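A.B. asks: Next comes the sequence, and after it the predicted model I'd like to discuss.
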Amino acid sequence: MSEEKYHAIVLYDGVCNLCSSTMRFIAKRDTQKYFMFAALQSNVGRDLLTSHGLLADELKTIVLIEQGKVFTQSEAILKISQHLHRAWPLLAALRVIPRPLRDGCYRFIATHRYRWFGQKTTCEFPPENLKARFL
């Protein structure tokens, strides 16, 4: 799968309610349509992860692939926020917090996301209005 033709690709946990909501949140505020999306569990998602040396079964994070580089956890979220509409780029100021602390908070939420927000038994189909932005 060639990723050069896309600005950036967001891989998310397709069975996680929080992650699916986050994907829709990003898409709604991405007025320039900078991001394409794929579930971590999809064939495309797995192929992209493998091509970047990551194992899908071991990931508990959102993944951003941008300009051939891979970003995960809090760094992915902050980089994504830079391309969103309105005040969301201001989140980048959180980079003053050391990454181990940011990622620790991220991992805490990721560890509890299924219990707090629930999960689906299978990946949901992309919403009709976002199908063109799915790989």
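C.D. replies: Everything's here; your move. Numbers count the residues shown, from 1 in each chain.
A.B. asks: Report the separation between the residue in the chain sticking out farthest from the centre and Leu49.
C.D. replies: Farthest-out residue of the chain from its mean C-alpha position, per C-alpha atoms, centre = their mean: Val96, at 21.6 Å. Per C-beta to C-beta, to the nearest Å, Val96 is found 30 Å from Leu49. (Glycine included, C-beta is placed from N, CA and C.)
A.B. asks: And the residue farthest from the centre of the chain, what's its pLDDT?
C.D. replies: Among the per-residue scores, Val96 shows a pLDDT of 94.
A.B. asks: Could you tell me which residues make contact with it?
C.D. replies: With contact set as C-beta atoms under 8 Å, 6 or more residues apart in numbering, Val96 has no partners.
A.B. asks: Can you read off the backbone torsions of it?
C.D. replies: Backbone geometry at Val96, expressed as degrees, to the nearest 10, gives phi -70, psi -20.
A.B. asks: residues contacting the nearest residue to Asp13 once chain neighbours are set aside?
C.D. replies: Nearest residue to Asp13, sequence neighbours excluded (C-beta to C-beta, 6 or more residues apart in numbering): Cys19, at 4.1 Å. Going by C-beta under 8 Å, 6+ apart, Cys19 touches 12-13, 62, 113.
A.B. asks: Distance of Cys19 relative to Gln67?
C.D. replies: Computed as C-beta to C-beta, the Cys19 to Gln67 distance reads 23 Å.
A.B. asks: swap in Leu90?
C.D. replies: Distance from Leu90 to Gln67, by C-beta to C-beta: 22 Å.
A.B. asks: Same question for Arg99.
C.D. replies: Arg99 sits 20 Å away from Gln67, taking C-beta to C-beta as the criterion.
A.B. asks: Who has more neighbours out of these two?
C.D. replies: Shown here are Arg99 and Gln67; by other C-beta atoms under 10 Å, Arg99 has more neighbours (13 against 8).
A.B. asks: The more buried one is in contact with Ser74, isn't it?
C.D. replies: Yes: contact criterion C-beta atoms under 8 Å: Arg99 and Ser74 qualify, at 6.7 Å.
A.B. asks: I'd like to know how many residues surround the closest residue in space to Ile9 that isn't next to it in sequence.
C.D. replies: Nearest-residue entry for Ile9: Ile65, 4.4 Å, with adjacent residues in sequence omitted and distances by C-beta to C-beta, 6+ apart. Neighbour count of Ile65, defined by other C-beta under 10 Å: 22.
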